[in-house]
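Engineer: Compute the structure for the input listed below.
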Amino acid sequence: MKRLSHLVAAAAATGLLTAGAIAASTAAASASTTFASCSAQGQYAICDAAGTATSPVTITVSVTASPDQDVYVAWDTTCSEGLSAGSSSGSFTAETPVTRTISHPYSQPDSCIVSAGAQLQAGGNSVHVSLAYSQSVTAPAPAAHEVKGYAGLCADDSGGSSALRTKIVDWKCNSGDAAQSWSFSGGELKHGSRCMNDKASGGSGSAIILWSCNGASGERWTHNSHGEYVLQAHGGTLCLDDPAYSTKSGTQLIVYTCKDSANQRWSLP
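Structural biologist: Below you'll find the predicted structure:
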């Protein structure tokens, strides 16, 4: 199975993983799409398959053999989302026929380079490996509006930037201002394709920035009945906070110990 890592490295070297190389699909899809396969014959045969899945939500590897028997399966994925890239890998032994889901580092990446291989564990005639992916059915985008907080100020993407690490600040609410346009879906506060994130993960007092949406606990929030956005990270003890009850536009927002105070109450978009 040593060839698996080389397959991923070779695919990355061709430029398949460069930012924007494969745009996220907006078409609805409900069926799996096979994007790579291989077959091999002979006793203890090894079969390696590699390919690129576009906008996958689920990636699966399926292995059949003749006769049915135990096979060793190993896989690697390298995925891109915007300017970010991440990887995962794993292995298992199972009796054929077998289908398993392959994990990947983002909830809905732009693309993933995937390699998977199987090796017969007993004498046999043949082994076949196939890789498939499925995409999510397109749903209407959630409504994007202002998130209003203390003293009539709004959560604002400083400078209207889409750059990673852009500060999220409070600012005078300006109706229709794109920098103050947020949506709240799946626990994420989104500004365009980016998310409000406690990237520093430094605990109470940590500053809030704009970051790639990746489903991490540092960007997942619950909006409770008090109007607080409670961060999933840190055991759900921190809330989105306008520090020191600031009324000055441009003050960077933080997470702070939840205390049901006026400077931690925010509207839904």
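Engineer: Next, G159: phi, psi?
Structural biologist: phi 70, psi 10 (degrees, to the nearest 10).
Engineer: Give me the neighbour count for it.
Structural biologist: 11 (other Cβ atoms under 10 Å). C-beta coordinates here come from the backbone N, C-alpha and C atoms, glycine included.
Engineer: where does the nearest residue to A179 once chain neighbours are set aside fall, phi/psi-wise?
Structural biologist: Using Cβ to Cβ, 6 or more residues apart in numbering and skipping residues adjacent in sequence, the residue nearest A179 is G160, 4.0 Å away. Taking degrees, to the nearest 10, you get phi 60, psi 30 for the backbone angles of G160.
Engineer: end to end, how far does stretch 155-165 reach?
Structural biologist: One end of stretch 155-165 sits 15 Å from the other (Cα to Cα, to the nearest Å).
Engineer: going forward can the numbers begin at 6, since that is how I track them
Structural biologist: Noted, 6 is the first residue going forward, which turns the last one into stretch 160-170.
Engineer: Outside of it itself, which residues are in contact with it?
Structural biologist: Stretch 160-170 is contacted by residues 88, 151-152, 154, 171-176, 182-185, 187, 194, 196-199, 201, 204, 214-217, 245, 254-255, 257-258, 271 when judged by Cβ atoms under 8 Å, 6 or more residues apart in numbering.
Engineer: Relative to T63, how far out is the nearest residue to V76 once chain neighbours are set aside?
Structural biologist: Using Cβ to Cβ, 6+ apart and skipping the chain neighbours, the partner closest in space to V76 is A123 (4.7 Å). A123 sits at a distance of 19 Å from T63 (criterion: Cβ to Cβ, to the nearest Å).
Engineer: out of those two, which sits in the busier spot?
Structural biologist: It is A123, of A123 and T63, that has more neighbours when counted by other Cβ under 10 Å, with 30 against 14.
Engineer: Where does that one fall, secondary structure wise?
Structural biologist: Following DSSP states H and E, one finds A123 within strand 116-125.
Engineer: Check the offset of the next helix or strand after that strand from the chain's centre.
Structural biologist: Remark: after strand 116-125, the chain's next helix or strand is strand 131-139, criterion DSSP H and E. On the basis of Cα atoms, centre = their mean, to the nearest Å, strand 131-139 sits 24 Å off its chain's mean C-alpha point.
Engineer: same thing with stretch 253-264?
Structural biologist: On Cα atoms, centre = their mean, the centre of stretch 253-264 falls 26 Å from that of its chain.
Engineer: Likewise for stretch 132-140?
Structural biologist: Relative to where its chain is centred, stretch 132-140 has its mean C-alpha point 21 Å off (Cα atoms, centre = their mean).
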